[in-house]
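> A structural model of the following input is requested.
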Amino acid sequence: MNEWFSAGYPLVYSLFPYLTIKELGKWRQTSTCSYTSGYVGDWFQYVQRCYRVRKCAKCGSIRSWLKTEWCSLCESWVCVDHLERCGNCNRVYCSQCVSYCER
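Now for the predicted structure:
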């Protein structure tokens, strides 16, 4: 796999469209030319095309869409770890917005 067609084009570039993210990661870990990548651009946008992920607005971690919720007060996606129930209206908001309830 580490054979080169020319000075700037290894054989594995031809296979990148057919490999999964996990297979690409394994290749990067074991390859002698792992600094090369067939994808140029924003890594997060590349991952979003393959998987349904979101970035938490509070801590910045990347989570599955199943592990994030929409906070209607700050209008952002947050991890389920940051959610709390409001004592006044019994609705669920993020930990920063729970004290700014509309009631």
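> So what sits opposite Leu83 in the bridge?
Cys94 (DSSP bridges).
> looking at this structure, which helix or strand is least sure?
Ranking every helix and strand in the chain by mean pLDDT, DSSP states H and E puts strand 4-6 at the bottom, with a mean of 63.
> Was I right to think Trp27 contacts Tyr13?
No. Checked against C-beta atoms under 8 Å, the pair Trp27 and Tyr13 is beyond contact range at 11.2 Å. C-beta here means a position set from N, CA and C on the backbone, and glycine is covered the same way.
> Poorly predicted segments of this structure, please.
Where the chain drops to pLDDT under 70, the residues are 1-8, 31-42, 102-103.
> try 50
Applying pLDDT under 50 to the chain flags residues 34, 36.
> tell me the domain ranges of the protein?
Domain assignment for the chain by automatic domain parsing gives 4-40, 54-100.
> And for Val78, the neighbour number?
Number of residues near Val78 (other C-beta atoms under 10 Å) recorded here: 23.
> how close does it get to Thr30?
Remark: distance between Val78 and Thr30 (C-beta to C-beta, to the nearest Å) = 37 Å.
> biggest helix in the chain by residues?
Counting residues, the longest helix found in the chain (DSSP state H) is helix 21-30.
> how near is Trp70 to Gln48?
Distance, Trp70 to Gln48, by C-beta to C-beta: 17 Å.
> which residues touch the residue nearest in space to the middle of the chain?
Note on the chain: the residue nearest the mean C-alpha position is Ile62, at 4.3 Å, using C-alpha atoms, centre = their mean. Contact analysis of Ile62 by C-beta atoms under 8 Å, 6 or more residues apart in numbering lists Phe44, Val47, Val53, Arg54, Lys55, Cys56.
> Fine by me, we can end here.
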